[in-house]
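Asks: Sequence first, predicted coordinates after that:
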Amino acid sequence: MENLLNRKQIIKAFLSDWLYLPNARYPKLHNVLTTDKAEQHFILTKFGWNKGRFTHYVLFHIELKVDGQIWVYENRSDIPIEEKLVKEGIPKADIIAAMYQQEAAISVEA
């Protein structure tokens, strides 16, 4: 249980760093971090008006499984989340690049 709480804190800290980062290219877009009640799904959404058009998309979607695995469903950044998580002490074998089909989802250790 303590392991899951620690991993939740690591994921939230990583995503929280993104909340207030200025974006020179899209200064009017905002970020919001949303979690489910159990804090197993973490979704960072970017939205707002840009050049007369409303923009809304998921920047990051990460799930913390009950067995401690971290599944990365979406990463629309140039930041390798997996490397950041490993730096925080999470084993590579516990991080899954889930944006592929379930049968083909790969551990970042591979």
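Replies: Structure received. Numbering: from 1, shown residues only.
Asks: Quickly note the distance from the residue of the chain most remote from its centre to Thr45.
Replies: Distance from the centre of the chain peaks at Gly52, with 28.0 Å (C-alpha atoms, centre = their mean). Distance, Gly52 to Thr45, by C-beta to C-beta, to the nearest Å: 20 Å. For the C-beta atoms, the positions are set from N, CA and C on the backbone; glycine is no exception.
Asks: which residues touch the biggest helix by length in the chain?
Replies: As assigned by DSSP state H, the longest helix anywhere in the chain is helix 2-19. Helix 2-19 is contacted from outside by 31-33, 35, 39, 42, 44, 59-60, 62, 64, 66, 68, 70, 77, 81, 84-85, 88-90, using C-beta atoms under 8 Å, 6 or more residues apart in numbering.
Asks: Among those residues, name the buried ones.
Replies: 31, 33, 35, 42, 44, 59-60, 62, 64, 70, 81, 85, 90 (16 or more other C-beta atoms under 10 Å).
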